[in-house]
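1. Provided below are the primary sequence and the corresponding predicted coordinates.
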Amino acid sequence: MPRTIKGTISVEGEVVPVSNPDKLLWPEVGITKMMYLEKLAELSPYLLKSCRNRLLTTIRYPGGIHGKFFYQKNAPDPLPPYVRTSVDENINYVVLDRLPVLLWLGNLACIEFHPSLHYVGEQLPCEWMIDLDPTLEDEPRIMEAAARVGDILTSLGLQSVPKTSGATGVQIIVPIEYGVTFDELRSIGHFVARYVTEKHPNLFTIERLKKDRGDKIYFDYLQHYGGKTLAAPYTPRARAAASVSTPLTWDEVRQNPKPADFNLLNIGRRLKERGDLLETVPPQSLKLILQHLKAPIRA
């Protein structure tokens, strides 16, 4: 039986337990749990912003990324005193708002962080996120697809930030002025999805069933809704390259990067050089688009 090694980390006046620090979580790139905790600390100024005051779902991989995994919604027991939780629909969610909480979750082998799309105790979306989901595991056109959607958003007067999902897809984030409902965002998403699939029918689909998509990229405008989650910006992913969901510039998108290009081993350097690209776009007004969609059709 392997020997269990235990220790602690002191951070922000709190004591965080650490067990099995030498456990390989990403064997292909040699990242152990202790290395992972160090990388989480490096990511924390950015990842915490994307999760703060939201209901958190994590995906845990106790045996590393190739082992069994499970989704964690309910906060695990016992809870340290520095972990804040919030109950929503009878689920006691962790609220990830401090570095000690992030490191505590990292020690539990929480690899992926999927926050709610609304704030704790509220029902309005924090931002608008379009999810482009390839049908193929290796889709060489995913960045081309993202660029085309970005161009359409620009034509609508909307600035946006693309990000790798860290897996195979791309999400496009539109910071929005607070007050829009999920249903209103869904109506705009449906409008954009129909337009892009009609304009590029060989590239996009809005077919929900994967078996009926062929090799097309799914424009998912339905996932961004109350009660659902999407991978947070700057979350690590359980992929062999230890990829990280990373915001990009549109110029970078047009250079056709691979999701694996942005990973735990190099994300720190990128963030020091680029900072948080999500802060480069101010909240966008959707009033004119919504007025257009709600206007009666004239005969």
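-> Yep, that arrived.
2. use CA for all of it now, contacts and neighbours both
-> OK.
3. now H200: how far from S19?
-> 51 Å (C-alpha to C-alpha, to the nearest Å).
4. residue ranges of the strands in the stretch 151-299 of the chain, please?
-> Here the stretch 151-299 of the chain has its strands, by DSSP state E, counting those that start in this stretch, at 161-164, 170-175, 204-205, 217-220.
5. can you list the strands that the second one pairs with?
-> For strand 170-175, the pairing partners within the sheet under DSSP bridges are strand 127-134 (antiparallel), strand 161-164 (antiparallel).
6. what residues of the shortest one count as buried?
-> Spelled out, it's strand 161-164. Along strand 161-164, these residues count as buried under the neighbour rule (16 or more other C-alpha atoms under 10 Å): 161-164.
7. report the distance from that strand to the chain centre.
-> 10 Å (C-alpha atoms, centre = their mean, to the nearest Å).
8. now the first one
-> Relative to the mean C-alpha coordinate of its chain, strand 127-134 is positioned 10 Å out (C-alpha atoms, centre = their mean).
9. quick check: mean pLDDT of that strand?
-> For strand 127-134, mean pLDDT rounds to 97.
10. could I get the strands paired with strand 170-175 as JSON lines with distance to D77?
-> Output for the strands paired with strand 170-175, formatted as JSON lines (distance: least, C-alpha to C-alpha, whole Å):
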{"stretch": "strand 127-134", "distance to D77": "32"}
{"stretch": "strand 161-164", "distance to D77": "33"}
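11. buried ones in stretch 54-74?
-> For stretch 54-74, using 16+ other C-alpha under 10 Å, the buried residues are 54-62, 64-65, 69, 72-74.
12. got it, and stretch 280-289?
-> Those would be 283-286, for stretch 280-289 by 16+ other C-alpha under 10 Å.
13. check stretch 262-271 too.
-> In stretch 262-271, counting by 16+ other C-alpha under 10 Å, buried: 262-265, 267-268.
14. dump the residues you listed into JSON lines; add distance to K6 as well.
-> Shown next, in JSON lines, are the buried residues of stretch 262-271 (distance: C-alpha to C-alpha, whole Å):
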{"residue": "F262", "distance to K6": "31"}
{"residue": "N263", "distance to K6": "27"}
{"residue": "L264", "distance to K6": "24"}
{"residue": "L265", "distance to K6": "25"}
{"residue": "I267", "distance to K6": "28"}
{"residue": "G268", "distance to K6": "27"}
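15. closest to E42 out of those?
-> G268 (6.4 Å; C-alpha to C-alpha).
16. what about the nearest residue to that closest one once chain neighbours are set aside, how many residues nearby?
-> Spatial nearest neighbour of G268, excluding adjacent residues (C-alpha to C-alpha, 6 or more residues apart in numbering): E42 at 6.4 Å. Using other C-alpha atoms under 10 Å, E42 is surrounded by 16 other residues.
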